[in-house]
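Asks: Structure here, sequence nowhere to be found:
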């Protein structure tokens, strides 16, 4: 359903996956991939969202590189140029906000793990974002200028994101006066939403998907 498109920002070439809905207009959603890279799972996720009426863009934060193992993914994340990623994420927001098909210029962001951290960063830099969804990823930002509502999906037995850190993030968002709702999925581990990972849980993933679509519908449409 989607296609690879190229953007230009601050003398940097940025590419990403754009998936358009069947309707002529709709709200925009940025999708920020996990440390695996922009693999087929994240492209399918974009297509699923566009099937719900959203205009979806996922920047390729690794410039075409994709990992299949945790070791490869860790190497890619360690080697990434943080300035390039920062530019790519910010340019993705600017691209969708100004896209002629984005109705009312309402845009949200969905981030997975590493991408969740960048989604939270973006919410502090782009106050025109209206919705932020994070899957098993946290961060510490100044949310005082954000106008977004926040939704989070977290695994109860996550070795990478212990509950203390998640609770700290939730408190930080609430203290900034923002709407936030975090869900915890019992007996599950990191990456439980990604069907190409052994940690995948179909029942929990279906519930998280339903909650995500309802949240994006209510905040963006």
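Replies: Received it, and whenever you're ready, just let me know what you need. What you are looking at is a predicted structure, and each value in this text was computed from that prediction instead of being measured.
Asks: buried stuff in stretch 31-44?
Replies: 31-39, 41-43 (16 or more other Cβ atoms under 10 Å). Every residue, glycine included, has its C-beta placed from N, CA and C.
Asks: Which of those residues fall in helices?
Replies: 41-43 (DSSP state H).
Asks: Okay, now the unreliable bits of the protein?
Replies: Counting by pLDDT under 70, the chain contains low-confidence residues at 9-11.
Asks: remind me, longest strand of it?
Replies: Of all segments of type strand in the chain, defined using DSSP state E, the longest is strand 102-112.
Asks: Give me the sheet partners of it and which way each runs.
Replies: Sheet pairing of strand 102-112 (DSSP bridges) gives strand 26-32 (parallel), strand 129-135 (parallel).
Asks: Identify whichever of the ones you listed lies nearest to residue 107.
Replies: Closest to residue 107 of the strands paired with strand 102-112 is strand 26-32 (Cβ to Cβ; 4.1 Å).
Asks: So which residues make contact with that closest one?
Replies: The contact list for strand 26-32 (Cβ atoms under 8 Å, 6 or more residues apart in numbering) reads 42, 45-46, 49, 53-59, 61, 89, 92-93, 96-97, 99, 101-104, 106-112, 114-116, 118-119, 122, 216, 220-221.
Asks: how about the strands in this protein?
Replies: Under DSSP E, the chain gives strands at 3-9, 12-19, 26-32, 55-59, 102-112, 129-135, 149-155, 180-185.
Asks: Switch those over to JSON lines; also include distance to residue 169.
Replies: Listed next are those as JSON lines, based on distance: least, Cβ to Cβ, whole Å:
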{"stretch": "strand 3-9", "distance to residue 169": "28"}
{"stretch": "strand 12-19", "distance to residue 169": "26"}
{"stretch": "strand 26-32", "distance to residue 169": "16"}
{"stretch": "strand 55-59", "distance to residue 169": "23"}
{"stretch": "strand 102-112", "distance to residue 169": "13"}
{"stretch": "strand 129-135", "distance to residue 169": "8"}
{"stretch": "strand 149-155", "distance to residue 169": "8"}
{"stretch": "strand 180-185", "distance to residue 169": "8"}
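Asks: Identify whichever of these lies nearest to residue 199.
Replies: It's strand 149-155; of the strands of the chain, that one is closest to residue 199 (Cβ to Cβ) at 7.9 Å.
Asks: What is the closest one packed up against?
Replies: strand 129-135, helix 163-175, strand 180-185, helix 202-220 (3 or more Cβ pairs under 8 Å, 6 or more residues apart in numbering; DSSP states H and E).
Asks: switch to 7 Å and redo it
Replies: strand 129-135, strand 180-185, helix 202-220 (3 or more Cβ pairs under 7 Å, 6 or more residues apart in numbering; DSSP states H and E).
Asks: and the longest one, which residues are buried?
Replies: Same thing as helix 202-220. Applying 16+ other Cβ under 10 Å to helix 202-220 flags 204-205, 208-209, 212-213, 215-216, 219-220 as buried.
Asks: quick one, that helix and strand 180-185 angle?
Replies: 170 degrees (axes from the mean of the first three to the mean of the last three Cα atoms, to 10 degrees).
Asks: Please state the offset of helix 202-220 from the chain centre?
Replies: With Cα atoms, centre = their mean, to the nearest Å as the basis, helix 202-220 stands 13 Å off its chain's centre.
Asks: Nearest to residue 73, out of the strands of the chain?
Replies: Smallest distance to residue 73 across those (Cβ to Cβ): 11.9 Å, for strand 102-112.
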